[in-house]
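In: Could you look at this predicted model? Sequence included:
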Amino acid sequence: MSRVIGMWVSPFQRLAGWTLGSVVLGGLCSSYAAASGLSLIDFTSVSAFGSAGAGRGVNVDASVMSTNPAGLSLLKRPQAVIGGMGIFAGGEAHGTYSSIASNPPTAGRSYTPDEVEYYQFLGSASSNYQSCTGFDGDPSQCYVQNSKESGFLHPAVVPSIYYAQPVTDDIWAGVGVYASFGGETDYPIESAFRYQALSSKTQVVVVQPTVSMALSPELSIGGGLKISAGQLAMSRMLNPWASAITDAQADITGDGIGVGANLGAIWQPVPEVTLGLSYSSPVKVKFKGDLKATGVAGLGVVMDRFATADDPSAAMEYPEPIPAAVDSAQWIMDTRLTTTKEDIRTDITFPEHVDLSLSWQLNPEWTVLGSAIWTRWSRMHNIKITTHGSVAGESASDIVSVSNGAPGGNVLAYVPQNWSDVWALAVGTHYQLNDKTVLRFGYAYDNSPTKNSTRSARIPDNDRQWLTVGLGYELDSTYSIDLAYGYMFMKPFKIHDVNHKVDGSQQAVNPETALFEDPGVLNAKYKRMHAHALAAQLKVKF
């Protein structure tokens, strides 16, 4: 399944004082990337999902190719498997967004009364502003908003289809199409979360041609080529540097292709015991797409003109005199409603993982199963979003690159991740009720690669636990069905989501770049995060 629960993957950061990157990842790796964000236990087989993924690498149907391609050699007849899973997630998010209006100065810099009046003018338009200390002790304004959200996790549907047949007595071939990563979250446009995340939808679908060979009755090997196609669509509101200005909106859409490999081996030392070991290589997906920034009602701010002390005519509607901090920042705002569009690029490497699976038939009725999956999420150091080619002087990308501390460069966003390698463990059992019916039960503990300091509103993720039940039923010698239900839950957790420059440092209060940097912070607590998953598949033997 891939962490497909709507809580899933991924970040955007701010435009014109806002780093756009958080949107794109955080969540992508946000995964479909599981409704929650990323795939640690991939439930790409309904029959394996009934036992919480335990023994998934030695599962005896064509869907085994997604986890261990050597498993095709265990099949007796050609077969097709068509399945799907619906995931319905829920939870609560209590968030507080706070930012210093108009970026007050750091300590040690004195401001004239005109400058103080100017900044206070910009911060006087909303009841969300509260008094705080700035300007070397003079009163300033802080923007603070609280909100509670509960409908931000969307249902997800995860389809899959597999086909396998023998080529010779010892060689099998097949192909599978399944979702590897994906997810969707959607916060209300008026919520406190909107400056970090509005909507996020990511998906990675894999087409995998596979070959398996039986080297002996006890040992089989196999390999598959993973052709991964990724899509993303994300948006967020942009918090104007001038707090009296209406929010603007930024949208990112993109797609990309990556190629990797899936290798595996299966050993049966005795007929009752089957061991499987598989390796799935990292897949680098090169995303290409568009960034669109749109000013909305009111002033619809878009900073698209230069103004310097040498060109005071460039100043438009500021109170007089224009503060020195604004002049030195070299930016002025145009009151027109404007839409800016840029080509963007970002590379996301989905990490490798190693899977060890066991199936042990204790007697004709009972079989115990286990799996341990190690995933190298430490590859996820950071995400950079860039423009294609050089940055134009008046483009949205120029604004963003300056906000990220890279004037004139082509880096739109920098999102530090610093994720950790993780283990996922699953145990389960099968009970053969009769010749036609098998019952399945399982439990899985799926570690999250994120920490409090690296989580984002796009990937509200924590360690998750799964309880599952399943049923397999043979209708006749040709057709059989598998049904499964799973319940996922996780402990409450917090996020601390801030904006970063390209050097990894946090955007800060800086009087010399007052229009560029946004020290806004989202602090949130997530509670009662859970998901219900229903799955079904049809197997047809030829």
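Out: Arrived safely, thanks for sending.

In: could you pull out the strands for the stretch 251-400 of the chain?
Out: Assigned by DSSP state E, counting those that start in this stretch, the strands in the stretch 251-400 of the chain fall at 273-280, 283-295, 302-305, 332-334, 339-350, 353-361, 366-375, 382-387.

In: looking at the ones you listed, which one has the lowest mean pLDDT?
Out: Lowest mean pLDDT within these: strand 302-305, at a mean of 32.

In: a markdown table for the strands of the stretch 251-400 of the chain, including mean neighbour count and distance to residue 205?
Out: Using the backbone N, CA and C atoms, a C-beta is placed for each residue, glycine as well. Shown next, in a markdown table, are these (neighbours: other CB atoms under 10 Å; distance: least, CB to CB, whole Å):
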| stretch | mean neighbour count | distance to residue 205 |
| --- | --- | --- |
| strand 273-280 | 21 | 15 |
| strand 283-295 | 20 | 11 |
| strand 302-305 | 22 | 36 |
| strand 332-334 | 21 | 42 |
| strand 339-350 | 20 | 12 |
| strand 353-361 | 20 | 18 |
| strand 366-375 | 21 | 19 |
| strand 382-387 | 22 | 21 |
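
In: out of these, nearest to residue 476?
Out: Taking CB to CB, strand 366-375 is the member of the strands of the stretch 251-400 of the chain nearest to residue 476, at 23.2 Å.

In: Outside of the closest one itself, list whatever touches it.
Out: Here strand 366-375 makes contact (CB atoms under 8 Å, 6 or more residues apart in numbering) with 40-41, 51, 53-57, 351-362, 421-432, 442, 449.

In: same thing but at 6 Å, please
Out: 40, 51, 53-56, 351, 353-361, 422-430 (CB atoms under 6 Å, 6 or more residues apart in numbering).

In: Quickly run through the sheet partners of that strand, with directions.
Out: Here strand 366-375 is paired, per DSSP bridges, with strand 353-361 (antiparallel), strand 422-432 (antiparallel).

In: list the buried ones in stretch 217-228?
Out: 220-228 (16 or more other CB atoms under 10 Å).

In: Most widely separated two among these?
Out: Distances among the buried residues of stretch 217-228 were taken as CB to CB; the most separated pair is 220 and 228, at 25.0 Å.

In: Work out for me the element the nearest residue to residue 431 once chain neighbours are set aside sits within.
Out: Closest residue in space to residue 431, ignoring its immediate chain neighbours: residue 439 at 4.5 Å, by CB to CB, 6 or more residues apart in numbering. Applying DSSP states H and E as the criterion places residue 439 in strand 437-446.

In: what are the C-alpha coordinates of that strand, in PDB please?
Out: Extracted in PDB, the C-alpha atoms of strand 437-446 (Å, rounded to 0.1, in the frame of the first residue of the first chain):
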ATOM      1  CA  THR A 437     -11.100 -21.000   3.000                       C
ATOM      2  CA  VAL A 438      -8.100 -19.500   4.700                       C
ATOM      3  CA  LEU A 439      -8.300 -16.900   7.600                       C
ATOM      4  CA  ARG A 440      -5.400 -14.400   8.000                       C
ATOM      5  CA  PHE A 441      -4.400 -12.200  11.000                       C
ATOM      6  CA  GLY A 442      -1.500  -9.800  11.400                       C
ATOM      7  CA  TYR A 443       0.200  -7.000  13.400                       C
ATOM      8  CA  ALA A 444       2.800  -4.600  12.100                       C
ATOM      9  CA  TYR A 445       4.900  -1.800  13.700                       C
ATOM     10  CA  ASP A 446       5.900   0.700  11.100                       C
END
